[in-house]
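Undergrad: Predicted structure and sequence below. I'll ask about it afterward.
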Amino acid sequence: MSVVTNTTTIGAIEAPSRRNTELLLLAFAVVIPIFAYANVGLAIHGELPPGMFLYGLGFAVLAGIGHLVVRRYAKYADPLLLPIATLLNGLGVVLIWRLDQSERLQNLAKRSFGTFSESAPRQMMYTGLALALFAVVLLVLKDHRVLQRFTYISMAGALILLILPVVPGLGADVFGAKIWISVGGFSIQPGEFAKIVIAIFFAGYLMVKRDALALASRRFMGLYLPRGRDLGPILMIWAVSLLVLVFENDLGTSLLFFGMFVIMLYVATERTSWIVIGLLMSVGGAVVVGTFASHVKVRVTAWLDPFACYSTSGACEQVGQSIMSFGSGGVLGTGWGQGNSDLIGFAANSDFIFSTVGEELGLTGVMAFLLLYGLIIERGVRTALAARDPFGKLFAVGLSGAFALQIFVVAGGVMGLIPLTGMTMPFLASGGSSVLANWVLIAILIRISDTARRPAPAPAPSPDSEMTQVVRPS
Amino acid sequence: MNKPLRRISLFCGLLVLALLIRTNWLQYVQAEELSTRKENRRVQIAQYATERGNIIVQGQPITGSAVTDGSDYKFKRTYLDGPLWAPVTGYASQAFGSTQLESLDDGILTGNDDRLFFDRTIGMFTGEKKQGGNVVTTLNAAAQKAAYEKLGTKKGAVAAIDPRTGAILALVSTPSYDPSTFAGNSKTDEKAWVALKDSEDKNLVNRALRETYPPGSTFKVVTAAAALENGVVSDINAPTDTPEPYILPGTKTPMVNHASGCEKATLNFALQVSCNSVFANMGDKVGRDKMVETAQKFGFNNDKIDIPVRAFASVYDKTMGKDGNAQSSIGQFNTAATPLQMAMVTAAIANDGKLMKPYMVEQLTAPNLDTIEKHEPQEMSRPVSPANAQKIQQMMVNVVENGTGTTAKIKGVTVGGKTGTAQHGEKNAKRPYAWFISYAENPDGTSPVAVAVVIEDSAADREDITGGGLAAPVAKAVMEAVLKNKG
């Protein structure tokens, strides 16, 4: 009697790829904006918007391509990231189209620039470009660890991107903030791309230096304080952030970079002291700049009580208009196309686009949007948790953290929770750079999550188990 | 690295949570306040997004709506005979807010009122556009026009009431303004608005409700009522103990009489020729507190006289000394009354002592003309007994028949009235106010109209400014118009 026992190690059960879940969610993400589009058309013009099916089809094709690329090149990626980004992007285009229909904004544009041009078609074009870029990133970047090689090049690149807007002849001053460059008729916001590039640098740098930063420290008042020379990098980043703030008048970008660095530093070293030091430095920097830079001071005054200076200061009026927009929306909102969020005027479809969400979709809509953003962030952090390599962990948490900070800074600004800074709501706001950069960010998170969730290759069959026979005494 | 990662995850969650809390704060807790702030133009945009309902006088609308081509406001308010009706309607301006009925009944006029919820809901299904309801007033167009035309270029005000119900028949203030001129939000509207707002004549002030004047001798009617009610006088034809000259209590100042024969004069004669001394004496005998009590029953010191537009409170000082009370008894010193208040005094006397609550909105109607709210006449107080009221009526008729108010006589109609010439300004240097209050009687003894007229310093000579000369003809015209219109 011989019992054949298979002692071969059982291969890991094929982890579900979740691609079909993604496809189903994606269907919703395509259908919801189409309904929203129809809704705006019916509310404003009393008829279905022209070319609704064509736009819908185009949008579905874009999303479909995104899905196929993920299915082919990042099979095990997180299934939520692509649908949520698609949904937000789609609704963003509808919001922009809705604001394009506003007579008030059209007149305003004619008065200030002489002409009015619709932003929605441009945004649609950038969305197409962005999805192309998304596909390229997934195609080219087979393994995110490759990016480690570019650690120091990234630093240089990020610095250049940050400096570009202040280069004479290239930079453009828009409403006091110098965060734009204009090249051949196109306005580009280099800060949006710098966000990603600098995350590469931070991740690469911290991965190498984390032990030195974490272990060589002295205990002081319950905190592990780093050695003087280890303080160098954080001081440098702090200085760069402050310089950005001072020369480009851009509170948002400055906060974003510094915050991202502190988060990554904390994750790399597991030392709470870095958080404390980082907070102290940012508060210190903010106080100093807040007292001296008039641009920042105006924003702070507007934040403290927008209605006290409503009629005298443009910044106060903007914030006041924005929070009145939210208040007028109430719990359920006025409905697509039926609000008056266009009273905000300038930047209604970029920096202040979230106010339109507030007024027309109400508390309900705003909460839904915030939860969607929250999901992206938490999926990003989840990806960092699951990642198997420190570089991937740091990179993912850096990007997610920066994304979270950006949401907080922008939404908090338009809702009057914190002083307003000139940044754009990812995926919603009108602007090519923002759409492109954020789709790249999603592509990278998808790549990291794919690597993280990909089942470990089955171990090579052990020759011993095949060849060796168990000899039993009979 | 996973422990700090989990903490970062928590931190990001907190960021989102902070935003969620903030949006709940803005859109739920503060929503009402933010959506109705004065800076919030949505309020006006909603106000003028649909055709506004109308304010109606005797079945005819006195307001209208016109389509505008601005991007913010679809409709603009228009007024027929704006200056005539401005004290009734108030104004509804896209740029400068709204007042009076236009403001108080805005919900009905725009169709946003909760009571129109059902109509709106039905409209939502039938696809009908939201419409505003109407405000039906109690005013009498003929009386209003008579008063406005008679006042002409003089500065003054008229209030006329139906004593039986309290319904307001005329409410005029001159110089008036045309609310159409600044109903929009253009440059010309702004110019018109600024000119009116800063005008020396205070055109925007509704003098019939929102300006108090010393009532002068017309107040003697109130003093007579207090004297009769408190038993100081019971026979209006019995001589009083008034000396000549009468010295104000507690002072050495004599009370000046412009009439002769006031020594020991009867109450009836004293009212006929308007003796100051007699009424100062009576007021002193009644005493401050009882005077205050009677005056308050007539509506003085009440800051909540809403018709529904709120009138200023007329004043009878509650804390002055004896000499002040004596002077107040002839409508000088601190005493001040709105024209509406003096019309209420007259109406109470004419209605045999029963004061009806004044009102000028008969009913509010839905766009489909259903009645939403209807005013039922309400009794406000009984300042005098019917017997005493009739005694005062006798005296007031005597004033018109034989006394200072003969210019108000109407052929074939019993008319009672009282003149007043109130001094004001430092050392009485300014031109006095001319007052006249009167009522007309139907053959059955009820009274369909009580009216109060005040004319501010007109261009006439000081000597000519007497209630009988200037104000009585205006009152007469109003009474005639009412009598002719409904008998």
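TA: Noted; the coordinates are in hand.

Undergrad: How many residues are close by residue 180?
TA: Unless you meant another one, I'm taking chain A. Counted by other CB atoms under 10 Å in any protein chain shown, the residues lying close to residue A:180 total 21. For glycine as for every other residue, the C-beta is placed from the backbone atoms N, C-alpha and C.

Undergrad: Chain B was what I was after
TA: 23.

Undergrad: Give me the distance between it and chain A.
TA: Relative to chain A, residue B:180 is positioned 25 Å away (CB to the nearest CB, to the nearest Å).

Undergrad: List the contacts of whichever residue of the stretch 251-400 of chain A sits closest to chain B.
TA: Residue nearest to chain B within the stretch 251-400 of chain A: residue A:327 (2.3 Å; CB to the nearest CB). With contact taken as CB atoms under 8 Å, 6 or more residues apart in numbering or on different chains, residue A:327 is in contact with B:26, B:27, B:30, B:31, B:32, B:33, B:34, B:35, B:37, B:40.

Undergrad: so who does the spatially closest residue to the second one that is not a sequence neighbour touch?
TA: The reference is to residue B:27. Counting by CB to CB, 6 or more residues apart in numbering or on different chains, residue B:27 lies nearest to residue A:363, which is 3.9 Å off, once chain neighbours are set aside. The contact partners of residue A:363, taken as CB under 8 Å, 6+ apart, are A:329, A:330, A:331, A:332, A:333, B:23, B:24, B:27, B:28.

Undergrad: Among those residues, pick out the one closest to residue B:438, please.
TA: Nearest to residue B:438 among these, counting by CB to CB, is residue A:330 at 54.1 Å.

Undergrad: wait, doesn't the closest one sit right on residue A:362?
TA: Yes. Counting by CB atoms under 8 Å, residue A:330 does reach residue A:362; the two are 5.7 Å apart.

Undergrad: which residues do the two both contact?
TA: Here residue A:330 and residue A:362 share the contacting residues residue B:27, scored by CB under 8 Å, 6+ apart.

Undergrad: which of these two has more neighbours?
TA: Each of residue A:330 and residue A:362 has its neighbours counted (other CB under 10 Å); residue A:362 has more, 25 against 20.

Undergrad: Now do residue A:13, the pLDDT please.
TA: With respect to pLDDT, residue A:13 scores 59.

Undergrad: ok, now residue A:118?
TA: Looking at residue A:118, its pLDDT is 88.

Undergrad: where's it, which helix or strand?
TA: Of the helices and strands defined by DSSP states H and E, none includes residue A:118.

Undergrad: Let me know how buried it is, in neighbour terms.
TA: There are 13 residues near residue A:118, going by other CB under 10 Å.

Undergrad: Does it touch residue A:100 like I think?
TA: Yes. With contact defined as CB under 8 Å, residue A:118 and residue A:100 form a contacting pair (4.5 Å).

Undergrad: Assumed residue B:9 was part of a helix.
TA: Yes. Counting by DSSP: H, G, I helix; E, B strand; the rest coil, residue B:9 is found in a helix.

Undergrad: Now do the same contact list for residue 82.
TA: With no chain named, the answer covers chain A. By CB under 8 Å, 6+ apart, the contact set of residue A:82 is A:22, A:26, A:63, A:66, A:67, A:70, A:442, A:446.

Undergrad: I was thinking of chain B, sorry if that wasn't clear
TA: B:176, B:177, B:178, B:179, B:180, B:181.

Undergrad: The first one in helix, strand or coil?
TA: Per three-state DSSP, the secondary structure class of residue B:176 is coil.

Undergrad: ok so, going back, closest one of the contacts of residue A:82 to residue A:33?
TA: Closest approach to residue A:33 among the contacts of residue A:82 (CB to CB): residue A:63, at 9.9 Å.

Undergrad: Select from the contacts of residue B:82 the one having the most neighbours.
TA: Of all the contacts of residue B:82, residue B:179 has the most neighbours under the rule other CB under 10 Å, reaching 28 neighbours.

Undergrad: Burial check on the residue nearest to it when sequence neighbours are not counted, number of neighbours?
TA: Nearest residue to residue B:179 in three dimensions, chain neighbours excluded: residue B:91, at 3.6 Å (CB to CB, 6+ apart). By the criterion of other CB under 10 Å, residue B:91 has 26 neighbours.

Undergrad: who's in contact with residue B:91?
TA: Contacts for residue B:91 (CB under 8 Å, 6+ apart) come out as B:77, B:98, B:99, B:100, B:102, B:179, B:182, B:183.

Undergrad: Specify which member of the residues you listed is nearest to residue A:294.
TA: So of the contacts of residue B:91, ranked by how close each gets to residue A:294 (CB to CB), first place is residue B:182, at 38.4 Å.

Undergrad: So for chain B, which residue is the most central one in space?
TA: Chain B has residue B:209 as the residue nearest its centroid, 3.0 Å off, counting by CA atoms, centre = their mean.

Undergrad: For the residue nearest to residue B:179, give me the pLDDT.
TA: We note a pLDDT of 92 for residue B:91 in this prediction.

Undergrad: can you list the contacts of residue B:82 in JSON lines and add pLDDT?
TA: Converted to JSON lines, the contacts of residue B:82 look like this (pLDDT from 0 to 100):
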{"residue": "B:176", "pLDDT": "92"}
{"residue": "B:177", "pLDDT": "93"}
{"residue": "B:178", "pLDDT": "94"}
{"residue": "B:179", "pLDDT": "93"}
{"residue": "B:180", "pLDDT": "91"}
{"residue": "B:181", "pLDDT": "92"}
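
Undergrad: For the stretch 201-350 of chain A, which segments are assigned as strands?
TA: A:217-220, A:223-226 (DSSP state E, counting those that start in this stretch).

Undergrad: by contact count, what packs against the first one?
TA: Under the contact criterion of 3 or more CB pairs under 8 Å, 6 or more residues apart in numbering or on different chains; DSSP states H and E, strand A:217-220 touches strand A:223-226.

Undergrad: what helix or strand is the nearest residue to residue B:104 once chain neighbours are set aside on?
TA: Nearest residue to residue B:104, sequence neighbours excluded (CB to CB, 6+ apart): residue B:308, at 5.4 Å. For residue B:308, there is no helix or strand it lies in under DSSP H and E.
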